[in-house]
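Peer 1: Predicted model follows, preceded by the sequence.
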Amino acid sequence: MMLFFLIAILSFLVQLFLPWWSLAVVAFGCSYFLGRKATLTFFTGMLASGLVWLIMALYIHFTHGDIMTDKIAALLALPSSFILYPASFIIAGIVGGLSAVSGFYLRSIVQDRNVVSS
């Protein structure tokens, strides 16, 4: 639970100043230090990253209108602009989940190397 909130809050704050892929760095780093099980770490990173993007996209949509989302939907030949929201959740979820599980597995590799060398 702590990992979820840490990834969500830090990725939100970092994305205010850095590019979109900074959520991967946040999920990787947080999971390196706090990940417990691989599947739980993957789904935690996926949900935290996906929800941050979904909430940010809905906030932008409802505060600034749907001009940009309608234009992007027309550009991609989508029937509705609301298809963009699940798509952004899935894209951010996959990036966040894979980054989180990569951080978890890197820590297990580093710890195994320390056990073998001692």
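Peer 2: Perfect, thanks for sending it.
Peer 1: I'd assumed Arg36 was in contact with Arg107.
Peer 2: No: shown here, Arg107 and Arg36 do not form a contact pair, counting by C-beta atoms under 8 Å, at 10.6 Å. (Glycine included, C-beta is placed from N, CA and C.)
Peer 1: The residue minimising distance to the centre of the chain: which element?
Peer 2: With distances taken as C-alpha atoms, centre = their mean, the chain has Ser49 as the residue nearest its mean C-alpha position (2.5 Å). Assessed by DSSP states H and E, Ser49 sits inside helix 38-64.
Peer 1: Okay, now the unreliable bits of the chain?
Peer 2: 114-118 (pLDDT under 70).
Peer 1: what do you get if the cut-off is 90, keeping everything else the same?
Peer 2: Scanning the chain for pLDDT under 90 picks out the ranges 1, 57-73, 78-84, 111-118.
Peer 1: which residues in it form helices?
Peer 2: Taking DSSP state H as the criterion, the chain carries its helices at 2-15, 22-34, 38-64, 67-75, 84-117.
Peer 1: Give me the residues contacting the fourth one.
Peer 2: So the one you mean is helix 67-75. Applying C-beta atoms under 8 Å, 6 or more residues apart in numbering, the set of residues contacting helix 67-75 from outside is Ala57, Ile60, His61, Pro79, Ser80, Ser81, Ile83, Leu84.
Peer 1: Nearest spatial neighbour of the fifth one, chain-adjacent residues omitted?
Peer 2: Excluding its sequence neighbours, the residue lying closest to Ser80 (C-beta to C-beta, 6 or more residues apart in numbering) is Ala73, at 6.5 Å.
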